[in-house]
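Chemist: With the input below, show me the fold.
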Amino acid sequence: MLVSLLLFSAPVLLAIADTLLPSALLSASLSPSSLSLSTLSSHFNDYDFRYSLVDIPLISIIRSAVIICVYGLCDGPRRSRGPYLGITTICSVLSLIFVSLKASYVFSVADIDRGVYVRAMEMALFICSLALAVGHIVVAYRTSCRERKKLLVYKIDIEAVSACKNGFPRYHLKIPKEERAN
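Modeler: Now for the predicted structure:
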C-alpha cells in the first residue's frame, strides 16, 4: 500500500524534492557565515553566468512550480495525453540545456581558491539538478501511461455495462399464481 501511495504521489514528491535538494546543496556549498538575506541579495547583484550558482536552485523551483501547476490543473484525460507530459518535457529539457551549459562554463574555469569540498558540492548540485529534470520526464511519462490505462479500463467497463443493460433480454422469473397468493 505504501508503494502504491508513493507511485500515485510521485509527481508531487519529486517536485518537493526538486525544490529542496538543490537549495540545500547550494547552501552547503556556500560558507556557513554567508547564509543571510543580505548575502543572497549580493549573490543576485553580482550575478555572473560563469561563476554564480544561485540560478540552479531557482531553475529547479520554477520548473517544479510550473509542473505542479500543470499537474493540478489537468485531470485524467489531459494527464494521459497532452499538456502535462508536453509541458513537463519542455520544462525539463530546457532546464537540462541550461544546466549543461552552465556546468560547462563553471567547470571550465580553473578556480584555485575553492576547496575540494566546495567543488564536490557544486558537482553534486549540477548532478542533482540534471537527475531531477530527467526524473520529472520519467514520472510524467509513467503518470500519462497510468492515466491512459485508467481511461482504457473505464471505457471497457462502460461498454460492458451498456451491453449488458441493452443487449441482453431480461430474465423474468415466472412464479405460479398459487405461490404468489401464499
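Chemist: how many other residues sit next to the closest residue to residue 133 other than its chain neighbours?
Modeler: Of all residues not flanking residue 133 in the chain, residue 92 sits nearest, at 4.3 Å (CB to CB, 6 or more residues apart in numbering). The way it works is simple: take the backbone N, C-alpha and C, and place the C-beta from them, glycine included. The tally of other residues near residue 92 (other CB atoms under 10 Å) stands at 23.
Chemist: List the buried residues for the helix or strand hosting residue 92?
Modeler: According to DSSP states H and E, residue 92 maps onto helix 83-108. Within helix 83-108, the residues scored as buried using 16 or more other CB atoms under 10 Å are 84-85, 87-88, 91-92, 95-96, 98-99, 102-103, 106.
Chemist: Quick one: classify residue 52 as helix, strand or coil.
Modeler: At residue 52 the chain is in coil, as set by DSSP: H, G, I helix; E, B strand; the rest coil.
Chemist: other SSEs contacting whichever strand or helix holds residue 130?
Modeler: Using DSSP H and E, residue 130 sits in helix 116-167. When contacts are defined as 3 or more CB pairs under 8 Å, 6 or more residues apart in numbering; DSSP states H and E, helix 116-167 packs onto helix 10-29, helix 55-73, helix 76-80, helix 83-108.
Chemist: just so I know, which of those lies nearest residue 150?
Modeler: Smallest distance to residue 150 across the helices and strands packed on helix 116-167 (CB to CB): 6.2 Å, for helix 76-80.
Chemist: relative to helix 116-167, how tilted is the helix holding residue 92?
Modeler: On the basis of axes from the mean of the first three to the mean of the last three CA atoms, to 10 degrees, helix 83-108 is oriented at 170 degrees to helix 116-167.
Chemist: Return the helix or strand in this structure with minimum mean pLDDT.
Modeler: One helix or strand of the chain scores below all others by mean pLDDT, DSSP states H and E: helix 177-181, with a mean of 60.
Chemist: For this structure, give me the ranges with low pLDDT.
Modeler: In the predicted model, the chain carries pLDDT under 70 at residues 1, 7, 30-45, 47-51, 76-79, 110-114, 153-182.
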